[in-house]
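*Asks:* have a look at this prediction, sequence included:
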Amino acid sequence: MSRIGKLPVFIPKGVNIQIMGANISVKGPKGELGLSIHQEMEMENKDGQVLVKPRSMGKLGKSLHGLTRTLIANMVEGVTNGYKKNLQIIGIGYKAAVEKNILTLNLGFSHPIEYTIPEGIEVLVEKQTKISITGIDKQKVGQVAAEIRGFKSPEPYKGKGIRYEGERIKRKVGKSGA
């Protein structure tokens with residue numbers, strides 16, 4: 001059995017979990033999330049915690065055990081605290097701005113890049129070079145951050161581009177003029 005899968009998911013106060021067959025719905029102070037679980041997994045809501053068990057101990061049941069438990073734990077964490085990713089824009093003249101539902105990025109191209117922010121995600125721009133992405137769905141927050149970073153990944157010679165906060169870029173030495 002999976003070591004992670006064996007652990008129960010504790011339900012904090014203010015969070016409601018409903019299990020309906022293979023579907024699970026989590027409601028909390030920040031919002032509501034739903035997930036459809038594989039039929040190989042079995043969930044049980046008991047004494048303020050959710051227990052996940054595989055129906056059979058085959059290869060598929062073992063591989064989905066820890067994953068299912070972690071997905072449920074991420075949903076509970078998301079509706080209570082939410083998730084946040086921070087991006088930094090590095091480069092002269094590079095900047096970002098948000099208007100309503102559109103993030104506009106000036107990244108040294110001949111045109112500004114406009115990115116439509118998906119529903120359920122909030123994007124804040126601080127000081128034109130810091131982007132903060134928040135939401136209750138961990139996968140969605142990470143996907144949006146990766147898409148924005150993909151517009152101008154940091155290059156290894158000068159380090160210009162969009163990077164995650166705290167990300168270290170391995171720098172290369174340029175040409176040596178001799």
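*Replies:* Cool, the structure landed.
*Asks:* and the longest helix along the chain, average pLDDT?
*Replies:* In the chain, with assignment by DSSP state H, the single longest helix is helix 59-80. Mean per-residue pLDDT for helix 59-80: 89.
*Asks:* so for it, what gets flagged as buried?
*Replies:* Neighbour-count burial for helix 59-80, with 16 or more other CB atoms under 10 Å as criterion, is recorded at 61, 64-80. (Each C-beta comes from the backbone N, C-alpha and C, glycine too.)
*Asks:* same question, stretch 151-165
*Replies:* The neighbour-count check on stretch 151-165 (16+ other CB under 10 Å) flags Lys152, Pro154, Lys160, Gly161, Ile162, Arg163 as buried.
*Asks:* just the closest of those residues to Leu103, please.
*Replies:* Ile162 (11.3 Å; CB to CB).
*Asks:* pretty sure that closest one is touching Ala146, no?
*Replies:* No: Ile162 is beyond contact range of Ala146, at 10.4 Å (criterion: CB atoms under 8 Å).
*Asks:* for the lowest-mean-pLDDT helix or strand in the chain, packing partners?
*Replies:* In the chain, the helix or strand scored least confidently by mean pLDDT, DSSP states H and E is helix 3-6, which has a mean of 82. For helix 3-6, the packing partners by 3 or more CB pairs under 8 Å, 6 or more residues apart in numbering; DSSP states H and E come out as helix 59-80.
*Asks:* same for the helix it packs on, what does it pack against?
*Replies:* helix 3-6, strand 9-10, strand 23-27, strand 32-36, strand 41-46, strand 49-54, helix 138-150.
*Asks:* try 6 Å
*Replies:* Contact partners of helix 59-80 among helices and strands, from 3 or more CB pairs under 6 Å, 6 or more residues apart in numbering; DSSP states H and E: helix 3-6, strand 23-27, strand 49-54.
*Asks:* of those, which shows the lowest average pLDDT?
*Replies:* Lowest mean pLDDT within those: helix 3-6, a mean of 82.
*Asks:* that one: how far from the chain's middle?
*Replies:* Distance, stretch centre to chain centre, for helix 3-6: 22 Å (CA atoms, centre = their mean, to the nearest Å).
*Asks:* how about stretch 158-165?
*Replies:* 19 Å.
*Asks:* that stretch: end-to-end distance?
*Replies:* Using CA to CA, to the nearest Å, the end-to-end distance of stretch 158-165 comes out at 17 Å.
*Asks:* any regions of the protein where pLDDT drops low?
*Replies:* Within the chain, the segments meeting pLDDT under 70 span 1, 177-178.
*Asks:* break it down into its domains, please.
*Replies:* Using automatic domain parsing, the domain ranges for the chain come out as 3-80, 83-164.
*Asks:* appreciated, that's everything.
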